[in-house]
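Colleague: Sequence plus the predicted model coming up.
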Amino acid sequence: DVGGGDGAFLSVAAARAPHLQLSLFDLPPVAAKASARFLAEGLAGRAKAIGGDFLRDSLPDDADVITLVRIVLDHSDATALSILKGVQRALAPGGVLLLAEPMSRSGADAVTDAYFGLYLFAMGRGRARTFDELSALLRQAGFTHIRLLPSRRPLLTSIIQASV
């Protein structure tokens, strides 16, 4: 999980799939919090947190699956492309990216644009993108077989699967 914060997402993944070996990559102080969480939850043997900056450092390589959960949203197209290229390089051949993002839409789901527009205005950067815009970035980064997966709460987060 790149940009995985305190490890909350990986903790849930670990509970649902006890066979997985898990890694989190985030800034060193954030990774330290995730390490403490994994230790407290008895996951230290199968979940590790690695400190680094995904905008400057190479990601650990040979992952079968990498997740980006609400990461691309916070960045410009150029930075988002750089992140996606780094993820593509870190995946093992045949690896998969799961990109979970709020997605810009029209019609009844326009509330997503309004909510995240305000959020991103307050942040001072980033934007919600459409599936087509995200797909274009993924193709530029070297991904193939790009598809939208079902989501329980598409208003908040949609999921794209892409392969290397």
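Modeller: Alright, I've got the coordinates.
Colleague: List the residue ranges of the protein that fall below the pLDDT cut-off.
Modeller: Along the chain, the parts satisfying pLDDT under 70 run over 105-126, 154-155.
Colleague: so where do the helices sit in it?
Modeller: Using DSSP state H, the helices of the chain run over residues 8-16, 28-40, 77-90, 110-123, 131-140.
Colleague: need the contact list for the most centrally placed residue in the chain.
Modeller: Nearest residue to the geometric centre of the chain (Cα atoms, centre = their mean): L68, 0.6 Å. Going by Cβ atoms under 8 Å, 6 or more residues apart in numbering, L68 touches V2, G3, I83, V87, L97, L98, L99, A100, E101. C-betas here are computed from N, CA, C, even on glycine.
Colleague: Tell me which entries of these lie within strands.
Modeller: L97, L98, L99, A100, E101 (DSSP state E).
Colleague: For the helices of the chain, give me JSON lines that also has distance to D57 and mean neighbour count.
Modeller: Output for the helices of the chain, formatted as JSON lines (distance: least, Cβ to Cβ, whole Å; neighbours: other Cβ atoms under 10 Å):
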{"stretch": "helix 8-16", "distance to D57": "19", "mean neighbour count": "16"}
{"stretch": "helix 28-40", "distance to D57": "10", "mean neighbour count": "17"}
{"stretch": "helix 77-90", "distance to D57": "9", "mean neighbour count": "18"}
{"stretch": "helix 110-123", "distance to D57": "23", "mean neighbour count": "13"}
{"stretch": "helix 131-140", "distance to D57": "21", "mean neighbour count": "17"}
